[in-house]
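Asker: fold the following.
(one chain, ligands or ions: 1)
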Amino acid sequence: MDLTVLFTISHGVYLTGARDLDNRLVGSCIDAVMVVEASPAQILVSLNKQSYTAQTVLKTRRFSLTVLSDDASSDLIQLFGMNTSRTTDKWLTGSYTLTDDLPIHNDAVAGLIVTVDSVSETSGHYVLLCSVEQAIPGTMKNPLIYHDYQNRKRKEKIMSETKKWVCSVCGYVYDGEVPFEELPEDWVCPLCGEPKSVFVQE
Ligand code: FE
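Answerer: Okay, here's the model as predicted:
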């Protein structure tokens, strides 16, 4: 069985938001959300059992969902996806608005407020059937698709691993679209005007 096949079943990228029992705003980044009923609106949401936000939501039975836009920053996704709300404040002042006392990120294509109707469990996840209490349109951008986000991350990794051409005179780092090797011989450093020959690879 080739489990990479499962990555072809794509979905969006979402932030969850909730208030824990100490009234702190908590949240996580998830990808498994599915609309299962339009009227009355119900969605299925899968949350990792280890997640502090999942454990919070099981108690409070309410949370928000931010549908991220396709230009949501990787930093934002990593902040919510790679840290625990147990110790990290993810909802930064000014980055969200409150609806029914729950946070929806400003970079949202849409925001939802949901309540938990029922919970099923797999070995690693809580699968929540939720009723949509509020559905708020956001920016007019496209939603971020998980598959596209994976591709973007792959490109960013390649870019960060590629050696950079740096001007040895002024420190300017070349970041143009054209590969450095293919620049014409009379190309000069845009910062200090020195020739291509003074650039070194770092
Ligand atoms: Fe230079």
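Asker: every contact and neighbour count from this point should use C-alpha atoms.
Answerer: Will do.
Asker: got a list of contacts for the least confident helix or strand in the chain by mean pLDDT?
Answerer: One helix or strand of the chain scores below all others by mean pLDDT, DSSP states H and E: helix 146-161, with a mean of 85. Helix 146-161 is contacted from outside by 7-8, 10-13, 31, 74, using Cα atoms under 8 Å, 6 or more residues apart in numbering.
Asker: quick check: domain ranges of the protein?
Answerer: As given by automatic domain parsing, the domain ranges for the chain are 7-147, 163-201.
Asker: how about the residues of this protein by the ion?
Answerer: Selection of the chain residues close to the ion by Cα under 5 Å from the ion yields 167, 170, 189, 192.
Asker: find the residue at the geometric middle of this structure.
Answerer: Taking Cα atoms, centre = their mean, the centroid of the chain lies closest to residue 77, which sits 2.8 Å from it.
Asker: please, which helix or strand holds that residue?
Answerer: Using DSSP states H and E, residue 77 maps to helix 74-81.
Asker: show me what counts as buried in that helix.
Answerer: Residues 76-77, 79-81 are the ones in helix 74-81 that count as buried (16 or more other Cα atoms under 10 Å).
Asker: now swap in stretch 143-153 and tell me
Answerer: 143-146, 149.
Asker: which one of those is nearest the ion?
Answerer: Among the buried residues of stretch 143-153, residue 149 lies closest to the ion (Cα to the ion), at 34.2 Å.
Asker: please enumerate the strands of this structure.
Answerer: 14-19, 25-30, 33-38, 41-48, 62-68, 96-99, 102-105, 108-121, 125-137, 165-167, 199-201 (DSSP state E).
Asker: got the ones you listed as JSON lines, with mean neighbour count and mean pLDDT columns?
Answerer: Listed next are the strands of the chain as JSON lines, based on neighbours: other Cα atoms under 10 Å; pLDDT from 0 to 100:
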{"stretch": "strand 14-19", "mean neighbour count": "25", "mean pLDDT": "98"}
{"stretch": "strand 25-30", "mean neighbour count": "25", "mean pLDDT": "97"}
{"stretch": "strand 33-38", "mean neighbour count": "13", "mean pLDDT": "96"}
{"stretch": "strand 41-48", "mean neighbour count": "19", "mean pLDDT": "97"}
{"stretch": "strand 62-68", "mean neighbour count": "26", "mean pLDDT": "97"}
{"stretch": "strand 96-99", "mean neighbour count": "14", "mean pLDDT": "96"}
{"stretch": "strand 102-105", "mean neighbour count": "25", "mean pLDDT": "97"}
{"stretch": "strand 108-121", "mean neighbour count": "19", "mean pLDDT": "97"}
{"stretch": "strand 125-137", "mean neighbour count": "18", "mean pLDDT": "97"}
{"stretch": "strand 165-167", "mean neighbour count": "21", "mean pLDDT": "93"}
{"stretch": "strand 199-201", "mean neighbour count": "16", "mean pLDDT": "91"}
